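Undergrad: got a predicted structure here, sequence first:
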Amino acid sequence: LLKMLPLTDDVERLLQERLERDLLAQSAAGLEDEGRQRLASLLNKVDRDVSEGVVQALTASRPEDARRLRKMIFSFEDISKLDQPSRLALFDKLQTEEIVAALRGMPEGFKETALSSLGARARRMVEAELAGDNAQVSKEGLAARRTIAGMVLAMAARGELALPEAEAG
C-alpha cells in the first residue's frame, strides 16, 4: 500500500476483510456513520479500481453499507459526471497550473468536458499548456487530481455543488 503497487488477490481480500471489520462493523457502539466516513476517506485516496473492488466486495455481504459508502466516494474521473453548473463552480476555484497538471494523460473526451467548464481565456491557456501532452501522468498530476477530488467533496459538503448519483454495481 505504501508504494501503491498492484495487490495480489490474497492481499486484496485480506485488506477488504480488515477494512470491513475495523471500519464498518462498529454497529454495537453506534459508530456506523463514522466508520463509513473513515472508510470513504481512505477509499477516496486510493486508486479507483481498488476502491471499486472494496465496494463490490462489501456489496455481497452488506449491501446497505455499500450503497451508503458509494455515495461518499468521488474520484477525479467522476468530474465528467457532474452537471455543468457544478463543474463551473469547481473550475472557478482552481488554478490554471492545477488544472493542467490534473488533465495531463486524461482521455481527450474528458479534457474537452473539463475545458468546456473554463472561461475563454483560461481555456486557451490550458489548451496551450496541454498541446504537447505526452499522456504521461506525473506525481504532481496525481496530487492535483486528489486535491481536486477532495475539493469537490468539500464543496458538496458545503452545498456548493451537487454530486452525481452513485451508480450501483
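TA: Received, thanks.

Undergrad: give me the longest helix you can find in this structure.
TA: Longest helix in the chain, counting residues (DSSP state H): helix 139-157.

Undergrad: which other helices and strands contact that one?
TA: For helix 139-157, the packing partners by 3 or more C-beta pairs under 8 Å, 6 or more residues apart in numbering; DSSP states H and E come out as helix 84-92, helix 96-103. Yep, even glycine has a C-beta here, placed from its N, CA and C like the rest.

Undergrad: any low-confidence regions in this structure?
TA: Counting by pLDDT under 70, the chain has low-confidence residues at 1-7, 22-32, 166-169.

Undergrad: how close does the most centrally placed residue in it sit to Glu52?
TA: In the chain, the centroid-proximal residue (C-alpha atoms, centre = their mean) is Ser75; its distance is 1.3 Å. For Ser75, the distance to Glu52 (C-beta to C-beta, to the nearest Å) stands at 9 Å.

Undergrad: same question for Leu42.
TA: 14 Å.

Undergrad: next one: Asn134
TA: From Asn134 over to Glu52 the distance is 27 Å, taken as C-beta to C-beta.

Undergrad: ok, the two, which is more surrounded?
TA: Neighbour count, other C-beta atoms under 10 Å: between Asn134 and Glu52, Glu52 has more, with 15 against 6.

Undergrad: does anything pack onto the host helix or strand of Asp49? Which helices or strands?
TA: Using DSSP states H and E, the element containing Asp49 is helix 48-61. Helices and strands touching helix 48-61, by 3+ C-beta pairs under 8 Å, 6+ apart, are helix 9-19, helix 32-43, helix 63-70.

Undergrad: list the buried residues in the last one.
TA: For helix 63-70, a neighbour-count test (16 or more other C-beta atoms under 10 Å) marks 65-66, 68-70 as buried.

Undergrad: what does the first one give?
TA: Applying a neighbour-count criterion of 16+ other C-beta under 10 Å, the buried positions in helix 9-19 are 15-16, 19.

Undergrad: for Ala157, find the nearest of the helices and strands packed on helix 48-61.
TA: Nearest to Ala157 among the helices and strands packed on helix 48-61 is helix 32-43; the distance by C-beta to C-beta comes to 10.8 Å.

Undergrad: thought Leu163 was touching Ala156, still the case?
TA: Yes: counting by C-beta atoms under 8 Å, Ala156 does reach Leu163; the two are 4.8 Å apart.

Undergrad: residues that sit against both of the two, list them.
TA: Phe74 (C-beta atoms under 8 Å, 6 or more residues apart in numbering).

Undergrad: kindly check the end-to-end length of stretch 79-96 for me.
TA: Using C-alpha to C-alpha, to the nearest Å, the end-to-end distance of stretch 79-96 comes to 16 Å.
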